[in-house]
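Enquirer: Got a predicted structure here, sequence first:
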Amino acid sequence: MGKGCAFGRNITFRHPHKIRIGANSFIDDNAVLDAKGSANEGIVIGANAYIGRGAILSCKEGSITLGDHCNVSANCYLVAGGNHSFLDVSTPIMFQPSLSKGGIRIGEDVWLGAGAIVLDGVTIGKSSVVGAGSVVTGPLPEYSFARGARGRFEAEFLPGLSIRQGLGVEKEAEPAPGLRPGVRQYQSQKSAFSWFFD
């Protein structure tokens, strides 16, 4: 644990030997950090990070890494692993093997709005923002703003960033119904999402 860390009340640390917290970070009331797993690294939180009230960071064979200056707002849920096989109908799902898609990696200076959910296998690039209540199931490039849930996910790059930065190979798509005038939509080969730009 780094110097200058501060902690709220009623925080739960499970498998604390696999949790690393950088200097000057703050963990707010009722947060849960669970570094469960036998083959994973656990939870690594960078310096000057904030984990909000009631947030849950849960490893289930995947690892969670947060860069410096990350803001994980209240009631966010990050789950790395925890998917179960359900192929054996004679065995209850909860007793079937736990599967991981590689954990969660969040770059520095990322802000997750209140109640955001980040699922296993996700990478979020630095200086990105995820809107409150969003469900993130795939990668987000650096300097992006993303929001949405239930299969409808929109993202746009923050001002001053080229469309080609971070997206890789992309193509202009047919505009989605109801798109604001002047907004262009692109689809990325790297992601299942469409990206929207003013």
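Expert: Right, received. Where do you want to start? Here the structure is a predicted model, which means the values were calculated and not measured.
Enquirer: what about Thr137, neighbour count?
Expert: Counted by other Cβ atoms under 10 Å, the residues lying close to Thr137 total 17. All C-beta spots, glycine's among them, are computed from the backbone N, C-alpha and C.
Enquirer: ok, it to Gly131 distance?
Expert: The gap separating Thr137 from Gly131 is 14 Å, by Cβ to Cβ, to the nearest Å.
Enquirer: what does Leu57 give?
Expert: 19 Å.
Enquirer: Those two: who's more crowded?
Expert: Leu57 (25 against 19).
Enquirer: What helix or strand is the more buried one located in?
Expert: strand 56-60 (DSSP states H and E).
Enquirer: Tell me the first helix or strand C-terminal of that strand.
Expert: Downstream of strand 56-60 (by DSSP H and E), the next one is strand 64-66.
Enquirer: Following element in sequence after that following strand, please.
Expert: Next along the chain after strand 64-66, taking DSSP H and E as the criterion, comes strand 71-72.
Enquirer: partner strands of that next one, parallel or antiparallel?
Expert: strand 50-51 (parallel), strand 111-112 (parallel) (DSSP bridges).
Enquirer: so which of those strands is the most packed in?
Expert: strand 50-51 (a mean of 24; mean count of other Cβ atoms under 10 Å).
Enquirer: Mean pLDDT and distance to Ser38 added to the strands paired with strand 71-72, as JSON lines?
Expert: Converted to JSON lines, the strands paired with strand 71-72 look like this (pLDDT from 0 to 100; distance: least, Cβ to Cβ, whole Å):
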{"stretch": "strand 50-51", "mean pLDDT": "98", "distance to Ser38": "24"}
{"stretch": "strand 111-112", "mean pLDDT": "95", "distance to Ser38": "27"}
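Enquirer: Tabulate those strands (TSV), appending distance to Arg9.
Expert: Output for the strands paired with strand 71-72, formatted as TSV (distance: least, Cβ to Cβ, whole Å):
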stretch	distance to Arg9
strand 50-51	14
strand 111-112	22
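Enquirer: Find me the pLDDT at the residue nearest the centre of the chain, would you?
Expert: Against the mean C-alpha coordinate of the chain, by Cα atoms, centre = their mean, the closest residue is Val118 at 3.9 Å. If you check Val118, the pLDDT there is 94.
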